[in-house]
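1. Here is a sequence together with a model predicted from it:
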Amino acid sequence: MKIIIGLAALLFSTSAVAQDAGSVIQDCSDCPRMVVIPAGDFVMGTPIGAYEVNEESGEGPPIRISIRSAYAIGETEVTIGNFKTFVEATGYDAGTGCNVLRDGNFEDPDASWRKPVQPRRARDSHPVSCIDYAASVAYAAWLSERTGETYRLPSESEWEFAARAGTTAPRPWGANNSFEGVSLSLTCEHANAYDGEAQKTYTFPWPYARCNDGYADVAPVASFAPSAYGLYDMMGNLWERVQDCHTTSYWGRPPDERAWVWEGGCERRVVRGGGWYSRPTNVRPARRASGSPEGRGNDLGFRLVRELK
Amino acid sequence: MYVVKCIKGGGMKPTAALIILFCAFATSGSAQVGPGDVLADCDFCPELVVVPAGEFRMGTPLGVPVDNETGEQPPVHMKIPKAFAIGRFEVTHGEFDVFAEDTNFEPTVRCRVWNDKLQRYDDDDNRSWKRPGVPARPKPEHPVSCVSWQDAKAYVAWLSEKTGVAFRLPTEAEWEYAARAGSDVLYPWGNNPHQGCAWVNAYDLDSRERYPLAWTHMACRDGHQGVAPVGSLKPNAFGLYDMLGNVWEFAEDCATKSHVGRPKDGRAWVWEGGCARIIQRGGGWMTSVARIRPGYHGDANATHRFDFGGFRVARDLSTAEGATP
């Protein structure tokens, strides 16, 4: 009896250690690595009028959010390698047709998560893109069934809390916090956005970060510096889907870790973090955009949350 | 379920006697109804008016100067796919009394009322829907006030159970559509707020004499210093009374400050898991002219009661009444 109690205590303490903030959980060898994020309070959003923020982004009014319990979030965006294990195990058809950059057009009926066009040679270490909302939910469901844990898309508040990693400035990487018009060289160390390198290959009519991050388009995950929480590419590389329905005010949102979802569903859901051809203004923890659940793009992927017991 | 198609009457007051007078010999059962028809589902039911299906611009165009913080800009294109029925009047004291007696509804005290000493609204533990203060002695024809959204929901649930007809609160989109009654400017009568006294019991010259306040009054006289018996003023183009003014009216919707992302088909916009604050529409007898607009929305905690806050009911039409299945 004593031994059993001792063992139980040992098991309990082990799992408690494993769930300390910053620790990494990996439920199977080809499961995504999940980083434990502490519970805590933060202010989500950006004061209206405080910065050069597109008002339509709906980052205001800022709202105090209480993340009531710790959770784990993907260390990186879900990779092509991760998604491949799911497709091979289940035969899931994620479909074809994706918004990519080809000959000045966006729509490519032949592009798919296996062939997202950018990057030209998609490897297992690249983040998976060109999949719709349903595919990301299906992947999470499969992972949950396989591991006995609960995997799901993050709520918007969980996403921003993780992306801020305790910071309150427009960008988490230090003092270089202006929006456009000044040097944004630090962006290139922390986020794969529209930068000097991307601008050489892809011409867009919006500003680019005046630095060179070494990637013209999508980078393998974790190619850039991690955040204080040990997370990679929260900003940049791919926009990331969250559960929340999209509107342009935080007023009335649940003031906690729950997703804000309408009864009867919604036409557009929030996407976060900015992608490899996003202007620097959009590569911030508070920045919001939206996408239709059916839409596919090679600048749009996801990372998952794993609930802690 | 039984439905009585009443004779379309002008300026009719919702007393039981009148309803019986007008409705007693009307056809019942599977009567087709059309826009403007007045319905009464039982002798203690609020009268309803059939409002046609249609489309409208919900909210207010960008660039139009309005009282901000409302989220009415930018507007959204809204469809009301089916004709529906909405209260011809705000729910009255007389109607609410039937519910209260039948259910032993607690006349919960505590209502937010205008406090003359403090010169602001304040919770008063001596006030309830039975004794809202204004009016001092509510008549059956006065709109019920000092009722919360939850009270209003309890009333429609009770009424549905009593009648077998699914009563509900209007959705915010239905409400604005009904209040606009085909108009797409700031006020149903045009852009000049000071021409509204024929239709609207709000903060006007009369109210200002009794309550001299800082906020903007309608520079006209509606004939009422406080709350008025329902139907005291002129109806709108849909035949609805007091959509603007008299008492604020709850909608079914949760409250936020944007229309972006809301359902575009007239459904209520409600969060999964519920919400703390509920949309309130139309303004009351002491509301500034800045807020007495079909496009303006206020909000309230679901359990709070106000002497300026009541509601009206709505329901879908049955297939027998001509609703497309």
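-> Looks like it arrived, so ask away.

2. Let me see the contact set for the closest residue to residue A:62 other than its chain neighbours.
-> Excluding the flanking residues, the one nearest residue A:62 by CB to CB, 6 or more residues apart in numbering or on different chains is residue A:45, at 4.0 Å. (Each C-beta comes from the backbone N, C-alpha and C, glycine too.) Each residue near residue A:45 by CB atoms under 8 Å, 6 or more residues apart in numbering or on different chains is listed here: A:59, A:60, A:61, A:62, A:63, A:250, A:286.

3. in the stretch 51-200 of chain B, which spans are helices?
-> Using DSSP state H, counting those that start in this stretch, the helices of the stretch 51-200 of chain B run over B:93-103, B:149-163, B:172-180.

4. Quick check: which of those is buried the most?
-> helix B:172-180 (a mean of 26; mean count of other CB atoms under 10 Å in any protein chain shown).

5. hmm, that one touching chain A?
-> No - Helix B:172-180 stays clear of chain A (CB under 8 Å from any CB of the partner chain), getting no nearer than 12.6 Å.

6. Mind putting the helices of the stretch 51-200 of chain B into JSON lines with mean pLDDT?
-> Formatted as JSON lines, the helices of the stretch 51-200 of chain B follow (pLDDT from 0 to 100):
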{"stretch": "helix B:93-103", "mean pLDDT": "98"}
{"stretch": "helix B:149-163", "mean pLDDT": "98"}
{"stretch": "helix B:172-180", "mean pLDDT": "98"}
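
7. Flag the shaky bits of chain A, pLDDT-wise.
-> A:1-18, A:49-56, A:174-185 (pLDDT under 70).

8. Enumerate the residues of it near chain B.
-> Proximity of chain A to chain B is confined to A:58, A:245-249, A:251-254, A:258, A:260-264, A:266-268, A:290 under the rule CB under 8 Å from any CB.

9. Drop everything from the residues you listed that is not in strands and list the rest.
-> Those of these mapping onto strands are A:245, A:290, per DSSP state E.

10. Now, the residues of chain A next to chain B that are in helices?
-> Assigned to helices by DSSP state H, none of those qualify.

11. and the residues of chain A next to chain B, which are buried?
-> A:58, A:245-249, A:251-254, A:258, A:260-262, A:266, A:268, A:290 (16 or more other CB atoms under 10 Å in any protein chain shown).

12. partners of the most centrally placed residue in chain A in the sheet?
-> Closest to where the C-alpha atoms of chain A average out (CA atoms, centre = their mean) is residue A:240, at 3.8 Å. Taking DSSP bridges as the rule, residue A:240 bridges to residue A:272, residue A:301.

13. these two touch, right, it and residue A:158?
-> No - the pair residue A:240 / residue A:158 is not scored as a contact, 11.4 Å apart, by CB atoms under 8 Å.

14. quick one: residue B:245 and chain A, what's the gap?
-> In this view, residue B:245 and chain A are 25 Å apart by CB to the nearest CB, to the nearest Å.

15. ok, that residue to residue B:212 distance?
-> 19 Å (CB to CB, to the nearest Å).

16. neighbour count winner among the two?
-> Comparing residue B:245 with residue B:212 by neighbour count (other CB atoms under 10 Å in any protein chain shown), the higher total belongs to residue B:245, at 29 against 9.

17. Run through the residues that contact the more buried one.
-> Under the criterion of CB under 8 Å, 6+ apart, the neighbours of residue B:245 are B:196, B:199-202, B:222, B:233, B:282-285, B:287, B:292.

18. okay if I get those residues as TSV plus secondary structure?
-> Formatted as TSV, the contacts of residue B:245 follow (DSSP: H, G, I helix; E, B strand; the rest coil):
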residue	secondary structure
B:196	coil
B:199	coil
B:200	coil
B:201	strand
B:202	coil
B:222	coil
B:233	coil
B:282	coil
B:283	coil
B:284	coil
B:285	coil
B:287	coil
B:292	coil
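
19. and of these, the nearest to residue A:301?
-> Closest to residue A:301 out of those is residue B:282 (45.7 Å), distances taken as CB to CB.

20. you'd agree residue A:253 is up against residue A:62?
-> No - under the criterion of CB under 8 Å, residue A:253 makes no contact with residue A:62, lying 11.0 Å away.

21. can you map out the helices along chain A?
-> All helices of chain A, identified by DSSP H, fall at A:2-18, A:80-90, A:133-147, A:156-164, A:187-190, A:196-201.

22. Figure out how far stretch B:162-181 is from the centre of its chain.
-> Averaging C-alpha positions (CA atoms, centre = their mean, to the nearest Å) puts stretch B:162-181 9 Å from its chain's average.

23. likewise stretch B:312-323?
-> The answer for stretch B:312-323 is 17 Å, by CA atoms, centre = their mean.

24. is chain A contacted by that stretch?
-> No - judged by CB under 8 Å from any CB, stretch B:312-323 stays clear of chain A, getting no closer than 15.8 Å.

25. in that stretch, what's buried?
-> Neighbour counts over stretch B:312-323 (16+ other CB under 10 Å) mark B:312, B:313, B:314, B:315, B:317, B:318, B:321, B:322, B:323 as buried.

26. residues in contact with the second one?
-> Spelled out, that is residue B:313. B:46, B:48, B:86, B:87, B:91, B:155, B:156, B:159, B:167, B:168, B:169, B:170.

27. do the first one as well
-> Contacts for residue B:312 were tallied using CB under 8 Å, 6+ apart; they are B:46, B:86, B:87, B:89, B:90, B:91, B:170, B:249.

28. can I assume residue A:113 is in contact with residue A:128?
-> Yes - in terms of CB under 8 Å, residue A:113 counts as a neighbour of residue A:128; the distance is 5.4 Å.

29. the more surrounded of these two?
-> Shown here are residue A:113 and residue A:128; by other CB under 10 Å, residue A:128 has more neighbours (28 against 24).

30. Run a quick neighbour tally on the spatially closest residue to the more buried one that is not a sequence neighbour.
-> In space, and not counting its chain neighbours, residue A:128 is closest to residue A:83: 4.2 Å by CB to CB, 6+ apart. For residue A:83, the count of nearby residues is 25 (other CB under 10 Å).

31. rewinding a little: identify the contacts common to residue A:113 and residue A:128.
-> Residues touching both residue A:113 and residue A:128 by CB under 8 Å, 6+ apart: A:80, A:83.

32. Apart from its chain neighbours, what residue comes closest to residue B:78?
-> residue B:58 (4.1 Å).

33. Per-residue pLDDT of the one you found, please?
-> Residue B:58 is assigned a predicted lDDT (pLDDT) of 97.

34. Residue B:315 now?
-> Confidence at residue B:315, expressed as pLDDT, is 98.

35. helix/strand/coil for it?
-> Recorded secondary structure, residue B:315: strand (three-state DSSP).

36. got a list of what it touches?
-> Residues near residue B:315 by CB under 8 Å, 6+ apart: B:41, B:48, B:84, B:85, B:165, B:166, B:167, B:168.

37. and the two most separated of the residues you listed?
-> Maximum pairwise distance in the contacts of residue B:315, criterion CB to CB, is 13.8 Å, between B:41 and B:84.
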